[in-house]
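S.K.: sequence? don't have it. structure:
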C-alpha cells in the first residue's frame, strides 16, 4: 500500500532543520525512525517558519514512483502518509513521504560526484565515466524519467554509489524526484492553468546537460532501455487516490504533462539526433 489516508499520529518524529536536502530551493526537512524491519526515512514537502508545510514534493515522489513502476525502471519505493507532525512545538496536519533504507549494513555510500572526482580519467565527462563503469542503462533510464516528470534536481548528491569493500560497487536505486512536475512554485490555480507542460526546464544535472530534452539525445538510438510502454490507460493507476489531496485541475495537468512528454520522447527517439543538427 503506497497511500495511507487515515491520519496517523507521527508527532514523535524529530524534524530538525539540520536535516536539510542540499541543492534544492527552500527547506526540505527530513526525519527517520528505527523499526524492527530497519530504518525508515521521512520527508516533508517545502517548509518555512512562516507558511509552515507547503508545496507538493511529497506527492510528486509518489506519482513519479508509480510512473517508474509502469515503465519497470528500478527505483526507491515511496509511500505517502497523512500525518500529524510537530515542528517547533507546533502540531501540523500534512502529508509526508516515507521510504525504506536501501543501504545494506555492510555498505558505505558516497555521492556520484565525489566518486567521479576521485576516479575519473583526464577529460572524462561524468557521462563517460558512468558508461565506463557499466552504468549506462541506469543513467539513460534516469534521463528518460527526469524528462517525463521535469525533475529539476538531479545534482551529484542525488545519485549515490554504494560500496562494499574495494570490489563490490553499485548505484543506489533512483530516488529523490520530488522537485518535479508542478512543485511548490506552481501551487496556485492560476499558475496551474498557465503551466507549460512541455517546457524544457533548466536543471542542475550533474550528468548530461542542463536541458532535459537534449539529454534524451545522449541515449544512443540503438540502445535498448528495457522499459515498458506508457499507455493512456495508466492515468488511473498513476493518479489513484490523489483526488482528495490535489485539485482536479492539478491532477489533470500532472497527467497531461507526463503523457505529452512521453509522446514527445517517442517523437525524439523516432526522429533521432536530427532534431539537434
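M.R.: Happy to help now that I have it. Quantities reported herein were computed from a predicted structural model and do not represent experimental measurements. Numbering: from 1, shown residues only.
S.K.: which parts of the stretch 1-150 of the chain are helices?
M.R.: In the stretch 1-150 of the chain, the helices defined using DSSP state H, counting those that start in this stretch lie at 57-71, 112-119, 126-132, 136-149.
S.K.: among those helices, which is the most enclosed?
M.R.: Ranked by mean neighbour count, those are led by helix 57-71 with a mean of 23 (mean count of other Cβ atoms under 10 Å). (Glycine included, C-beta is placed from N, CA and C.)
S.K.: quick one, that helix and helix 136-149 angle?
M.R.: Here the directions of helix 57-71 and helix 136-149 differ by 120 degrees (axes from the mean of the first three to the mean of the last three Cα atoms, to 10 degrees).
S.K.: please name every helix or strand in contact with helix 57-71.
M.R.: Helices and strands touching helix 57-71, by 3 or more Cβ pairs under 8 Å, 6 or more residues apart in numbering; DSSP states H and E, are strand 38-43, strand 79-87, strand 90-100, helix 136-149, helix 235-239.
S.K.: give me the element the nearest residue to residue 208 once chain neighbours are set aside is part of.
M.R.: Among residues not flanking residue 208 along the chain, residue 215 sits closest, at 4.1 Å (Cβ to Cβ, 6 or more residues apart in numbering). Element membership for residue 215, per DSSP states H and E: helix 212-216.
S.K.: which residues are in contact with that helix?
M.R.: Residues from elsewhere that reach helix 212-216 (Cβ atoms under 8 Å, 6 or more residues apart in numbering): 143-144, 146-147, 150-151, 200-201, 203, 205, 208-209, 264-265, 268-269, 276.
S.K.: of the residues you listed, which belong to strands?
M.R.: The strands, defined by DSSP state E, take in nothing from these.
S.K.: which of those are buried?
M.R.: The neighbour count (16 or more other Cβ atoms under 10 Å) marks 143-144, 146-147, 150-151, 203, 205, 208, 264-265, 268 as buried among the contacts of helix 212-216.
S.K.: need the residues you listed in JSON lines (columns: distance to residue 46 and pLDDT).
M.R.: As requested, those are exported to JSON lines (distance: Cβ to Cβ, whole Å; pLDDT from 0 to 100):
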{"residue": "143", "distance to residue 46": "26", "pLDDT": "97"}
{"residue": "144", "distance to residue 46": "26", "pLDDT": "97"}
{"residue": "146", "distance to residue 46": "20", "pLDDT": "97"}
{"residue": "147", "distance to residue 46": "23", "pLDDT": "97"}
{"residue": "150", "distance to residue 46": "17", "pLDDT": "96"}
{"residue": "151", "distance to residue 46": "16", "pLDDT": "96"}
{"residue": "203", "distance to residue 46": "18", "pLDDT": "89"}
{"residue": "205", "distance to residue 46": "21", "pLDDT": "91"}
{"residue": "208", "distance to residue 46": "26", "pLDDT": "94"}
{"residue": "264", "distance to residue 46": "28", "pLDDT": "94"}
{"residue": "265", "distance to residue 46": "28", "pLDDT": "94"}
{"residue": "268", "distance to residue 46": "32", "pLDDT": "87"}
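S.K.: check those and tell me the two furthest apart.
M.R.: Pairwise distances across the buried ones among the contacts of helix 212-216 peak at 18.2 Å for 205 and 264 (criterion: Cβ to Cβ).
S.K.: give the contact list for the residue nearest the centre of the chain.
M.R.: Per Cα atoms, centre = their mean, the C-alpha nearest to the average position across the chain is that of residue 177, at 1.2 Å. Applying Cβ under 8 Å, 6+ apart to residue 177 gives the contacts 60-61, 64-65, 145-146, 149, 151.
S.K.: cutoff 7 Å now
M.R.: 60-61, 64, 149, 151 (Cβ atoms under 7 Å, 6 or more residues apart in numbering).
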